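# Coordinates for the following, if possible.
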Amino acid sequence: MASLEPKTRTVLEPHAEFDFSNPSSYSIQSLAISTVSDSQTLIYVGTQAGALILLSSNPSNSTHNNNNNNQTAFDVSRNASLSQNVSLLRSVSVSDSSVDWIHVLAEGGKVLVLCDGFLFLIDMLLLQPVKKLNFVRGVSVIARRLRTGESGCSNLLGDSVNLSEFASTSQRFLQKLGGGIRVNGVKSKESEQQREGNYIFAVVVGKKLVLTELILGNRIGKSDRDIDSIGGSFVVLKEIQCVDGVKTMVWVDDSIIVGALSGYTLISCVTGQSGLIFSLPDPSSPPQLKLLWKEHKVLLLVDNVGIIANAHGQPVGGSLLFRRAPDSVGEISSYLIVVRDGKMELYHKKSGTCIQTVSFSGDGVGTCVVADEENGRGKLIAVATPSKVSCYRKVPSEEQIKDLLRKKNFKEAISLVEELEFEGEMTKEMLSFVHAQVGFLLIFDLHFEEAVNHFLQSETMQPSEVFPFIMRDPNRWSLLVPRNRYWGLHPPPAPLEDVVDDGLLAIQRAIFLRRAGVETSIDDDFLLNPPSRADLLESAIRNIIRYLEVSRKKELTSSVKEGVDTLLMYLYRALNCVEDMEKLASSVNSCIVEELETLLDDSGHLRTLAFLYASKGMSSKALAIWRILARNYSSGLWKDPAVDNDLQDTSANVVTGKETAAIEASKIIEESSDQDLVLQHLGWIADVDQVLAVRVLTSERRANQLSPDEVIAAIDPKKVEILQRYLQWLIEDQDSNDTQFHTLYALSLAKTAIETFETENTSQIYDVGRLEEATSDVGTNSIFQSHVRERLQIFLQSSDLYDPEEVLYLIEGSELWLEKAILYRKLGQETLVLQILALKLEDSEAAEQYCAEIGRPDAYMQLLDMYLDPQDGKEPMFKAAVRLLHNHGESLDPLQVLETLSPDMPLQLASDTILRMLRARLYHQRQGQIVHNLSRAIDIDARLARLEERSRHVQINDESICDSCHARLGTKLFAMYPDDTIVCYKCFRRQGESTSVTGRNFKRDVLIKPGWLVTR
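The predicted structure follows:
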């Protein structure tokens, strides 16, 4: 059940009031209302004395000129403020009994009245006499059909009924003849005729439910004598058995819901079947039904509980709980109106919340009546006590929202707008408009987070609308700010400092007034715990930052983008959000450099300024700043953040401020094709990190590569590794074939290798322990992962474009024997290569491999001579000689080997090897003879088999047939395959010579026949 707590919202406001001076004579019984135009609404009042009174009101004006010409029959007293909005037009007497029901047929300009069991018809302005329709007598309840347009709505115009109880004998006779009948205003249906502006009603007469059609105006082919200008006729469509004691009724599509003292019943107008929806408790208030036109649903009342059901009588949604059982129920927009004891209450249909309570009369006034327009789209409702009629106008939605905002009921205002937008009464743009309006109000109430939340929900608000909160006018973006004051509920935007100062003054004023007993609209939290200016300003800036960060992702004009990014940088700087400043400056942004460079320079945010310069393509200025930062960090002018980190965690890989400056500078010049700019800053970057310098020189991201000659000339001669790495990149990655670069690279590597070798030897002489330390330092500081000698050896072997003599001249006096061997090999000096490999390096494997590359047997003999006679006073290398004989003895002449062997060589070392050489030589000779003889035997066998095949004879007789087509061969040409299948010449040409009839392919599946050497 919904809460009955009233809300502080005004949906209906008093519009007009009409007070009868003699309520005992003109006690109001029924009420109806109809809007004729935007400037006139007619109000029909039915009295217990049988009079029908017509009042007129202008729903759009707050004042109305009174017309007293037709008020002579009544003594009227009016309230001075409301009586001028309503006027009495005229009144007519319908009957001596009370007017129980009034229905306005606006489309036909008529009014249908139920009085004393009879139906009366009269024009809307009560100008013509009242027409009594003698359709039937004893009508207790009548209801008009609502067609929703759904597929389940049947057409009743094809179901005529027998008027046995309502027509005379002559009428029934004419009906049998197929013609229409008109007697005493009753007319039967004409089947094939379409009628515009006609109305279908359900009428309860006793225990019968009669479905009828009311036809207004003249009938085609009939005389006008029977029907005057306000006349009408009823056509009976169907009769249905009904329950007893019906008090109220509604008709939606094919469903008729009737309410009796016993309960609510659902009746089908098509089948006539009925079913009980639910029974009413005993005792209970009389049943009441209210058709909800907008939703096409029905409200069923049980005492003070309202149940909303669909056309099939099934409850939908929750129930509504009223304070008391109402006398009457009305509807306007999304609200239900209930009246009782001179009070009117407004309930929301969906939530069931009581929105507004209005007292229009004192207690004990009697039964009250409420009337609304039956189409559900009216702006006025009328309520009446027995002696007074009051009109209330629906306050426009915008005015309701404004009223809530003035009272600072922001959540209720947003809920109302969302509700109206969902129901189609307000556009989505208006919802965004209200969100923005609420956001501005909350800003001036110092609720910055909630304000920005509403800004973000507004799809129409422009980011430029918050610019005045950040920068004072006039400024670069003053003309971009929309001059939109919304509803004028908040002051013009001002800088956040002014907003906070004004808000704090208001809080101080409110505290003083609260002490004096005066209530204010200031938030109680602020009054109990007044915030500080610093906290408020920080909150304001952080939330405006949040709004601008989201706005950056939207599609904005270039000028607005510039304002958003530039002012966002202002706000970051105000809170010293260094990371956010640098992130914004280093990303793609629309900041205006002229607006920010002085600000950032004065505040010391040079890193941010450098990032900003770089993002705008101002590389020279950005690099100048990074160079200054690197110098200041190294000189101690600026505090390096890495120092504190090193003290806390020595194991962490911390990047110093100087390295960071070099890294960011390298990112800029890696993309720059300005050679002078790159070479200008290469030096200090190399001083910080040689790897970064190499990355700058070898970058593939620039459009035009640098001139190698200029780069080589600009590299510091002391930065040897940078030169080597650059030359390596030119040769290996850029595929440079310039012999100058190849030679320069080789010479540089050779020189470094000599220096490294000498350093290592010196370290070994003085302190063996320092060798590991020096090696570790070299490996740590070097930009190469491999040793310099390894790189030199690989390059000397792989490249053919350097000058080997020049390199050899450089290393001639060094101990780089392997490098010398490579160079001598390039020069073709085989003897010197073998001497270095075998005697200097004592690398037997490398020497033997080089002999294999030479490919001549004398190379092995030359190597054997070197092993046995090394000269220069060295001892013979018998083990190496034995290894050579063991590995390559078969390639040597045994006689030459015996002649070469030294007399001093121990016999036990050479005997096994020489014996193995001789055996291997004899084995190879005999093996060759065996292979030769086997080859001759196979050749002879093949020739013999071929001869046998060619000498075979085949006998063909008259019974011989082709194995393929089975035709008799006779004297035809034929062929025989190796598998003895015989085919005619025609099939042979089709099969081919390699595949027989059996499918065997003799090229892939060779047929082997036994011979003297080869058997199956």
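# Just the element for Pro870, please.
Pro870 is part of no helix or strand, with elements assigned from DSSP states H and E.
# doesn't Pro876 make contact with it?
Yes - when contacts are counted by C-beta atoms under 8 Å, Pro870 is listed as touching Pro876 (6.5 Å). From N, CA and C alone the C-beta is placed, and that goes for glycine too.
# Quick check: Pro482 is in a helix.
No - checked against DSSP: H, G, I helix; E, B strand; the rest coil, Pro482 lies outside a helix; its state is coil.
# and it, how far is that from Pro804?
Distance, Pro482 to Pro804, using C-beta to C-beta, to the nearest Å: 79 Å.
# who's more crowded, those two?
Taking neighbours as other C-beta atoms under 10 Å, Pro482 and Pro804 compare with Pro804 leading, 18 against 9.
# From Lys294, how far off is the more buried one?
In terms of C-beta to C-beta, Pro804 sits 101 Å off from Lys294.
# residue contacts, Glu345?
Phe322, Arg323, Ile337, Val338, Val339, Cys354, Gln356, Thr357, Val358 (C-beta atoms under 8 Å, 6 or more residues apart in numbering).
# with these in mind, which one is nearest to Ser91?
Relative to Ser91, the closest of the contacts of Glu345 is Val339; by C-beta to C-beta it sits at 23.4 Å.
# Which helix or which strand is home to that closest one?
Secondary structure from DSSP H and E places Val339 in strand 335-340.
# Could you do Phe757 as well?
Using DSSP H and E, Phe757 sits within helix 739-766.
# which element is the nearest residue to Val500 once chain neighbours are set aside on?
Counting by C-beta to C-beta, 6 or more residues apart in numbering, Leu536 is the residue found nearest to Val500 once chain neighbours are left out, at 4.7 Å. Using DSSP H and E, Leu536 falls within helix 533-551.
# Report the inter-axis angle for the very next helix or strand once past that helix versus helix 533-551.
The helix or strand immediately downstream of helix 533-551 is helix 558-574, counting by DSSP H and E. Interaxial angle, helix 558-574 versus helix 533-551 (axes from the mean of the first three to the mean of the last three C-alpha atoms, to 10 degrees): 150 degrees.
# tell me which residues in helix 558-574 are buried?
560-574 (16 or more other C-beta atoms under 10 Å).
# Restricting to C-alpha, output the next helix or strand after it in PDB.
Sequence-wise, the next helix or strand downstream of helix 558-574 (DSSP H and E) is helix 578-586. What follows is helix 578-586, C-alpha atoms only, in PDB (Å, rounded to 0.1, in the frame of the first residue of the first chain):
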ATOM      1  CA  VAL A 578      51.000  17.200 -11.300                       C
ATOM      2  CA  GLU A 579      50.300  13.700 -12.800                       C
ATOM      3  CA  ASP A 580      47.000  14.900 -14.300                       C
ATOM      4  CA  MET A 581      48.600  18.000 -15.700                       C
ATOM      5  CA  GLU A 582      51.400  16.000 -17.300                       C
ATOM      6  CA  LYS A 583      48.900  13.400 -18.600                       C
ATOM      7  CA  LEU A 584      46.800  16.100 -20.200                       C
ATOM      8  CA  ALA A 585      49.800  17.900 -21.600                       C
ATOM      9  CA  SER A 586      51.300  14.800 -23.100                       C
END
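# Okay, Leu839 and Ala880: tell me how far apart.
Distance from Leu839 to Ala880, by C-beta to C-beta: 10 Å.
# Same question for Leu209.
Distance of Leu209 to Ala880, computed by C-beta to C-beta: 128 Å.
# Ser390 reaches Pro14, doesn't it?
Yes - between Ser390 and Pro14 there is a contact under C-beta under 8 Å: 6.9 Å.
# quick one on the thing from earlier: between the buried residues of helix 558-574, which sits nearest Phe1002?
For the buried residues of helix 558-574, the residue nearest Phe1002 by C-beta to C-beta is Lys561; the value is 83.1 Å.
# ok, the closest one touching Ser590?
Yes - at 4.0 Å, Lys561 counts as touching Ser590 under the criterion of C-beta under 8 Å.
# one step back: any idea which helix or strand comes after the strand holding Val339?
Downstream of strand 335-340, the first helix or strand assigned by DSSP H and E is strand 343-348.
# export that next one as PDB, just CAs?
Only the C-alpha atoms of strand 343-348 are listed here, as PDB (Å, rounded to 0.1, in the frame of the first residue of the first chain):
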ATOM      1  CA  LYS A 343     -11.900  17.900   1.000                       C
ATOM      2  CA  MET A 344     -10.200  16.900  -2.300                       C
ATOM      3  CA  GLU A 345      -7.100  14.700  -2.300                       C
ATOM      4  CA  LEU A 346      -4.800  14.100  -5.200                       C
ATOM      5  CA  TYR A 347      -3.100  10.600  -5.600                       C
ATOM      6  CA  HIS A 348      -0.600   9.500  -8.100                       C
END
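# Tell me where the stretch 551-700 of the chain has helices.
558-574, 578-586, 593-603, 606-615, 619-635, 641-648, 657-670, 675-688, 690-697 (DSSP state H, counting those that start in this stretch).
# need these in CSV with distance to Glu760, can you?
Shown next, in CSV, are the helices of the stretch 551-700 of the chain (distance: least, C-beta to C-beta, whole Å):
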stretch, distance to Glu760
helix 558-574, 54
helix 578-586, 45
helix 593-603, 51
helix 606-615, 43
helix 619-635, 31
helix 641-648, 31
helix 657-670, 30
helix 675-688, 26
helix 690-697, 21
